[in-house]
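got a predicted structure here, sequence first:
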Amino acid sequence: MCQGELCSGYKAHTELALYASQNGTKSSINDMTQDERWKVNWQEVMDFMEANKRRPSKYVPEEKLMHHWWRHQQKLFNAGLLKEDRIGMFKQLIETGERYRHVNQYT
């Protein structure tokens with residue numbers, strides 16, 4: 001169980017519930033459409049990068065789900081399988097990620 005700050009999974013669940021209550025359309029995470037869940041995940045990754053000035057890490061347990069979501073979306077994008085309405089938002093995510101890309105300090 002996480003202590004102190006909220007776990008990423010719990011944070012995503014509460015953000016989904018908050019998003020649903022703000023839009024007044026859905027009442028729980030199970031009632032949300034895939035598009036609504038995708039937008040919440042996209043927003044969570046964008047907020048993380050803006051706050052931490054870096055991409056989510058696959059090594060930090062609280063960030064692992066965001067990292068895996070991003071990599072899966074990138075694979076879909078490269079294969080041409082990402083939905084048309086998501087491509088613009090994902091390109092914005094890629095641009096933001098490039099700004100915060102890790103640079104090796106020793107080379």
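Yep, it's here.

C-alpha only now, for contacts and for neighbours.
Noted.

okay, buried residues for stretch 39-47 please.
Residues of stretch 39-47 classed as buried by neighbour count (16 or more other Cα atoms under 10 Å): V40, N41, W42, Q43, E44, V45, M46.

just give me the closest of those residues to E63.
Nearest to E63 among those, counting by Cα to Cα, is V45 at 9.1 Å.

what sits against that closest one?
Neighbour list for V45: P56, M66 [criterion: Cα atoms under 8 Å, 6 or more residues apart in numbering].

check which helix or strand it maps to.
Assigned by DSSP states H and E, V45 belongs to helix 34-52.

give the residue spans of the protein that score low on pLDDT.
Within the chain, the ranges that satisfy pLDDT under 70 run 1-27.

can we see that at 80?
For the chain, the stretches with pLDDT under 80 are 1-29, 107.

mind listing the strands for it?
Shown for the chain, no strands are assigned by DSSP state E.

look up how far L65 lies from L76.
17 Å (Cα to Cα, to the nearest Å).
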